[in-house]
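# take this sequence and fold it.
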Amino acid sequence: MRATIKMIAEKAGVSIGTVDRVLHDRPYVKAEVRSRVLQVMEELHYRPNHMASALATSGTARHFVVVQPNWEGYVGRAISLGLFRFREERRDYNLSVTVREYSQGDTGECLALLDRAMAQGVDGIALCASDSAQMREKLRELAERHIPVVTFNSDITDARRLCYVGEDAHRAGRIAGEIASKFCRPGDRLLLVYAGPEYISHKARVDGFMERLEELGFSARDFRVEVTHNDYDLTLAAVSQALEDEPELRLVYMANLSVPACVVAIRRAGREGRVRVLAHDGGPEIRAFLQTGQVDFSIDQNLTYQSYQALSVLFQAVLERKLPERDCFYPNSPILNAETV
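Here you go, the predicted model:
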């Protein structure tokens, strides 16, 4: 593997900005630090990317835009951390990153933000949006304007984008299905809750979940599916109704973000300990639910990696003229339980 500035910074115990200053022989680096960085470069056989170095000092300003839902809580913080890390690592380049948020589920507002970015002639876009014909058409228009787009967290099928960065949602759903098979048997009733088919990653989770269980002998009749658009109140109502209608319900698979609503519904119904809960992500609320036993297992998706890698791919494509080596970049999917959080 070719050595990178990040690898040098980690081994030398300095920031990426310090490594960049050493590379360009800039001032304000202590002699001892400069010597240590140069020694690590030699050990790793580092050869600088002269194209990127030239762009960093050429005065050519580059501007990326991140277009995403107005996430709150853990999801918003984890995504923001990835953006922060990217900015820190590239702070010595003449590069700016602007985040523009739209109301979750509002495709029209998202399209308007993309139009605004296109009118401003941005150099690249990291996009999280729902899958739709309108969005595919907009990505085609952006491609024709030579504005590269990397989708992250939720992909857009058959779209003209550089690549997708995010969870392998189908595989994560299959993992959840395998876990569910340890609690349930064919003929048991299971509730699946997800945001909706327009959220391609959530739909892929549900498809993978059902696919794995059907391989193990379950049938479509065993599943009750509810669409709640990541809305707390809709989820609370849907899970509460399912618990009332299905006295033998054995498990709830939460493929969307409204896990707290599911936990409340089960508690109010007096079914804690009798209805198993599988979820996704690893934020503080989920971890607390795992520790108290209100959620049995959760599958993390490394949100910080997603925003960081999406911008990194854009950086390589725009500043280094390197197209991504693959169509999808998937983080790992660790399984969380009470003993691992």
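# show me where the stretch 151-300 of the chain has its helices.
With DSSP state H, counting those that start in this stretch as the criterion, the stretch 151-300 of the chain has helices at 169-180, 200-215, 232-245, 259-268, 284-292.
# the second one to helix 169-180, inter-axis angle?
Right, the one you point to is helix 200-215. Interaxial angle of helix 200-215 relative to helix 169-180 (axes from the mean of the first three to the mean of the last three C-alpha atoms, to 10 degrees): 40 degrees.
# tell me what helix 200-215 is packed against?
Packing partners of helix 200-215 (3 or more C-beta pairs under 8 Å, 6 or more residues apart in numbering; DSSP states H and E): helix 169-180, strand 189-194, strand 223-227. For glycine as for every other residue, the C-beta is placed from the backbone atoms N, C-alpha and C.
# closest to T157 out of the helices of the stretch 151-300 of the chain?
Taking C-beta to C-beta, helix 200-215 is the member of the helices of the stretch 151-300 of the chain nearest to T157, at 6.2 Å.
# list the buried ones in the closest one?
By neighbour count on 16 or more other C-beta atoms under 10 Å, the buried set for helix 200-215 is 200-210, 212-213.
# next, the angle from that helix to strand 223-227.
Using the same axes, to 10 degrees: helix 200-215 against strand 223-227 is 170 degrees.
# how about helix 200-215 as CSV, C-alpha atoms only?
Extracted C-alpha coordinates of helix 200-215, given in CSV (Å, rounded to 0.1, in the frame of the first residue of the first chain):
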residue,chain,number,x,y,z
ILE,A,200,-33.1,2.6,-0.4
SER,A,201,-30.8,1.5,2.5
HIS,A,202,-33.7,0.9,4.8
LYS,A,203,-35.6,-1.1,2.2
ALA,A,204,-32.4,-3.1,1.5
ARG,A,205,-32.2,-3.9,5.3
VAL,A,206,-35.7,-5.3,5.3
ASP,A,207,-35.1,-7.2,2.0
GLY,A,208,-32.0,-8.8,3.4
PHE,A,209,-33.7,-9.6,6.7
MET,A,210,-36.6,-11.4,5.0
GLU,A,211,-34.4,-13.1,2.5
ARG,A,212,-32.2,-14.7,5.2
LEU,A,213,-35.2,-15.8,7.2
GLU,A,214,-37.0,-17.3,4.2
GLU,A,215,-33.9,-19.3,3.5
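# give me the contacts around that helix.
130-131, 153-157, 166-167, 169-178, 180-181, 190, 192, 194-197, 218, 220, 222-223, 225, 253, 255-256, 280 (C-beta atoms under 8 Å, 6 or more residues apart in numbering).
# what subset of those residues is buried?
By 16+ other C-beta under 10 Å, these give 130-131, 153-156, 166-167, 169-178, 180-181, 190, 192, 194-195, 218, 222-223, 253, 255-256, 280 as buried.
# ok, so of the buried residues of helix 200-215, who is nearest Y93?
Nearest to Y93 among these, with distances taken as C-beta to C-beta, is S201, at 30.7 Å.
# so how far is R171 from the closest one?
11 Å (C-beta to C-beta, to the nearest Å).
# need the residues touching each of these two.
With C-beta under 8 Å, 6+ apart, S201 and R171 have no common neighbours.
# quick one: I179 and F297 touch, right?
Yes - look at I179 against F297 with C-beta atoms under 8 Å: they come within range, at 5.2 Å.
# need the residues touching each of those two.
When contacts are counted by C-beta under 8 Å, 6+ apart, I179 and F297 are jointly contacted by L278, I335.
# re earlier: mind putting the helices and strands packed on helix 200-215 into JSON lines with distance to Y308 and mean pLDDT?
Converted to JSON lines, the helices and strands packed on helix 200-215 look like this (distance: least, C-beta to C-beta, whole Å; pLDDT from 0 to 100):
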{"stretch": "helix 169-180", "distance to Y308": "19", "mean pLDDT": "97"}
{"stretch": "strand 189-194", "distance to Y308": "26", "mean pLDDT": "97"}
{"stretch": "strand 223-227", "distance to Y308": "31", "mean pLDDT": "97"}
